[in-house]
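Chemist: structure of the sequence below:
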Amino acid sequence: MSIHPTAIVDPKSKAHPSCKIGPYCVIGADVELGEDCHLAAHVVIEGPAKIGAHNRFFPFTSIGLAPQDITYAGEPTRLEMGDHNVIREFVTINRGTVKGGGCTRVGDYNLIMAYTHIAHDCQVGSHIIMANAATLGGHVTVGDWATVGALCPVHHFVRIGTHAFIGGGTTITRDVLPFSKTSAERGTHAYGLNAVGLERRGFNKERIKKIHHAYRVLLASKLNTSQALEKLKAEADLGPDVAMLIHFIDKSERGVIK
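Modeler: Below you'll find the predicted structure:
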């Protein structure tokens, strides 16, 4: 294993022999690093934390530190991270809390840009982009393939749907609809379907057409949310994407951004 002589690695941690640990990194007890992880310099990782394979940590990242929660009393909560994530400079990702399930999770193939914060008990999926200084409060859920723009604060307990796109500088206090484009321009609104993102993900025209129809009913009709959902549920051949969208709204506790 390549460990710089200035790095401090607790003997109670575990790292695959292919890992590279750079200058002035600090690896705490109960940290597990998978195959081919690269810690550039000044990276701090505290445990309990299980980090998967092929993750890259840029300088001054703080991973798995105690949650910023006044009720936290030193319980052995944890962080779990998957594979192939890129964690850029000054990113902070906190462990979970007992009241939130005890675990913060980050999936696979995520790009977490500089100064981003992922708070305690967040459940972050895979193939997600979080742009510079995006901030997730505690207990936030982010679906796969979502994009959170730069300088976006996300209120705790909010859900961000799969394939959603949030424009930079948007304050998020309610759930963000799957497949949507949401922006703070002229107030925070959903501006329809993230069609470009769906095309890049390989959605065919028929799938996109069905989702687009659902968005017209939800956002462009004169129906309220309950009436729009009833109309959509009454239609035949919704398809799995629209069914998932309906389920997301039905399960919302904070309300959704329309």
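
Chemist: got any ranges where the stretch 101-250 of the chain has weak pLDDT?
Modeler: 186-187 (pLDDT under 70).

Chemist: run the last query once more with 80
Modeler: The stretch 101-250 of the chain contains residues with pLDDT under 80 at 185-187, 236.

Chemist: which ones are touching residue 51?
Modeler: With contacts defined as CB atoms under 8 Å, 6 or more residues apart in numbering, residue 51 is in contact with 31-34, 37, 45, 63, 81. C-beta: built from backbone N, CA, C; applies to glycine.

Chemist: cutoff 7 Å now
Modeler: 32-34, 37, 81 (CB atoms under 7 Å, 6 or more residues apart in numbering).

Chemist: for it, list each beta-bridge partner.
Modeler: residue 33, residue 81 (DSSP bridges).

Chemist: how close does it get to residue 2?
Modeler: From residue 51 over to residue 2 the distance is 16 Å, taken as CB to CB, to the nearest Å.

Chemist: quick check: domain ranges of the chain?
Modeler: 2-139, 197-250 (automatic domain parsing).

Chemist: tabulate those domains (TSV), appending distance to residue 177.
Modeler: Output for these, formatted as TSV (distance: least, CB to CB, whole Å):
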stretch	distance to residue 177
domain 2-139	16
domain 197-250	7
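
Chemist: against which helices or strands is the helix or strand containing residue 232 packed?
Modeler: Assigned by DSSP states H and E, residue 232 belongs to helix 225-233. Judged by 3 or more CB pairs under 7 Å, 6 or more residues apart in numbering; DSSP states H and E, the packing partners of helix 225-233 are helix 240-250.

Chemist: alpha carbons only: can I get the helix it packs on in PDB?
Modeler: The C-alpha trace of helix 240-250 is given here as PDB (Å, rounded to 0.1, in the frame of the first residue of the first chain):
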ATOM      1  CA  PRO A 240     -44.000   2.400 -14.700                       C
ATOM      2  CA  ASP A 241     -42.500   5.900 -14.900                       C
ATOM      3  CA  VAL A 242     -45.800   7.700 -14.400                       C
ATOM      4  CA  ALA A 243     -46.800   5.200 -11.700                       C
ATOM      5  CA  MET A 244     -43.600   6.000  -9.900                       C
ATOM      6  CA  LEU A 245     -44.300   9.700 -10.200                       C
ATOM      7  CA  ILE A 246     -47.800   9.200  -8.700                       C
ATOM      8  CA  HIS A 247     -46.400   7.100  -5.900                       C
ATOM      9  CA  PHE A 248     -43.800   9.800  -5.100                       C
ATOM     10  CA  ILE A 249     -46.500  12.400  -4.800                       C
ATOM     11  CA  ASP A 250     -48.800  10.200  -2.700                       C
END
